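[1] My questions are about this predicted structure, shown below with the sequence.
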Amino acid sequence: MAKTTFNSELFKFAVIPNYDNAIAFLADTLAEREEWDFLDNNTKNYSILKNYLEFTFRKLLQEKKVKFTSDNKFACFNTGLVTENLEDIFAYFEEYKNPRPGFTTPFCFKAFLKKSDNNVLRHFSNFLPDVTDFFDKPELLIFNPKCDIIPDLDHILVDNLARFPAHLQSADDAELRRQLIGAIDEVKKRVRTNYKIAVPQYYDNKIQLLLPLCLTSGSPNPDLALVIHKLNDSTYTARTCLTLKMAYNNARLIVKPQSNWLKP
């Protein structure tokens, strides 16, 4: 199967010189400290932060919250991140003045700037860009223990098998099904006694919830995250599961997960 090419909306919007250096400055100097790499990464590449900025930008475009000056020479968006002193941090762009032939990207990235920076105030003080909005239906962010959870076992096992631990991918079909059903039954009981186990994520323009699936006997750590979403007032449906890295990336779009099971 051919690998899907990732098309970055942020890089369509702007030329970003020295992108890795800008990301490192944002993570290590400007923003409130946070872990932006997965713990098993051998090198520091800020993969979580890069994913966060790309998909935050996409949602801001949808919400028309990327701001432009009246002459269209400057642009700015709110990253949703803050400094240690809780100042908003913005991505700041200028008109791209020397485009190459056939190059249609309109802006050039200049810097990540805090709210009090002169460039931000000079051009955008009257209409500072707002953060993206994930909270128009806050009730979706919290698990409702009165609802049933109905999984589509066939879909999860057939379409998501490659995400399962290696020692289970080769397991007998019946054994894998038993493991999955047991893990789902267990997490159903756990989340009904502690709703905080359910971590909200944003994916495909929807708020969903993530639940830990423990499939490996004797292991204290979950192997996968079960994705559930509200079907109606009495039912959640579960049609897919994610690796923990995929789940963390999706959850971080909303807020830094405050969970004892979903970590970088």
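    On my side now, so go ahead. Just so you know, these numbers come straight off a predicted model, no measurement behind them. Residues are numbered from 1 along each chain as shown.
[2] which ones are touching the closest residue to K73 other than its chain neighbours?
    Nearest-residue entry for K73: E95, 4.5 Å, with adjacent residues in sequence omitted and distances by C-beta to C-beta, 6 or more residues apart in numbering. Backbone N, C-alpha and C define where each C-beta goes, glycine included. Listed by C-beta atoms under 8 Å, 6 or more residues apart in numbering, the contact set of E95 reads 72-74, 106-108.
[3] which among these gets closest to P17?
    C108 (7.4 Å; C-beta to C-beta).
[4] For that closest one, which residues are in contact?
    Contacts of C108 by C-beta under 8 Å, 6+ apart are 14-17, 93-97.
[5] So which of those wins on neighbours?
    The most crowded member of these, judged by other C-beta atoms under 10 Å, is F93 (23 neighbours).
[6] My read is that it contacts A75, right?
    Yes - using C-beta atoms under 8 Å, F93 is in contact with A75, at 4.2 Å.
[7] can you list residues touching both of these two?
    Between them, F93 and A75 share the contacting residues 14, 107, judged by C-beta under 8 Å, 6+ apart.
[8] ok, back up a step: quick check: the gap between the residue nearest to K73 and T69.
    Distance of E95 to T69, computed by C-beta to C-beta, to the nearest Å: 9 Å.
[9] Any stretches of the stretch 101-250 of the chain with poor pLDDT?
    For the stretch 101-250 of the chain, applying pLDDT under 70 flags the ranges 101-103.
[10] And the strands in it?
    107-114, 148-151, 199-203, 206-213, 224-232, 235-242 (DSSP state E, counting those that start in this stretch).
[11] closest one to L121 among these?
    strand 107-114 (9.7 Å).
[12] How is this protein divided into domains?
    9-124, 138-252 (automatic domain parsing).
[13] Now the terminal residues of the shortest one, how far apart.
    The first and last residues of domain 138-252 sit 16 Å apart, counting by C-alpha to C-alpha, to the nearest Å.
[14] quick revisit: nearest to F127, out of the strands of the stretch 101-250 of the chain?
    strand 107-114 (15.7 Å).
[15] partner strands of the closest one, parallel or antiparallel?
    With DSSP bridges as the test, strand 107-114 is paired with strand 14-15 (parallel), strand 88-95 (antiparallel).
[16] Please name whichever of those strands is nearest to L140.
    strand 88-95 (25.1 Å).
[17] Export the closest one to CSV, keeping only CA atoms.
    Provided in CSV are the C-alpha atoms of strand 88-95 (Å, rounded to 0.1, in the frame of the first residue of the first chain):
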residue,chain,number,x,y,z
ASP,A,88,-0.6,34.3,25.0
ILE,A,89,1.9,33.3,22.3
PHE,A,90,1.3,34.2,18.7
ALA,A,91,2.7,33.0,15.4
TYR,A,92,3.6,36.2,13.4
PHE,A,93,4.0,36.4,9.6
GLU,A,94,4.9,39.0,7.0
GLU,A,95,4.1,39.2,3.3
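[18] Quick check: mean pLDDT of that strand?
    Averaging pLDDT along strand 88-95 yields 97.
[19] Please apply the same query to stretch 19-28.
    pLDDT averaged over stretch 19-28 gives 97.
[20] Could you pull out the buried residues of that stretch?
    Of all the residues in stretch 19-28, those buried under the rule 16 or more other C-beta atoms under 10 Å are 22-24, 26-27.
[21] surely V120 meets L113?
    Yes - V120 is in contact with L113 according to C-beta under 8 Å; the separation is 5.3 Å.
[22] Find residues that contact each of these two.
    90, 92.
[23] just to revisit the earlier point, distance to N41 for the contacts of E95 - can I get that in CSV?
    Listed next are those as CSV, based on distance: C-beta to C-beta, whole Å:
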residue, distance to N41
N72, 39
K73, 38
F74, 35
P106, 33
F107, 30
C108, 29
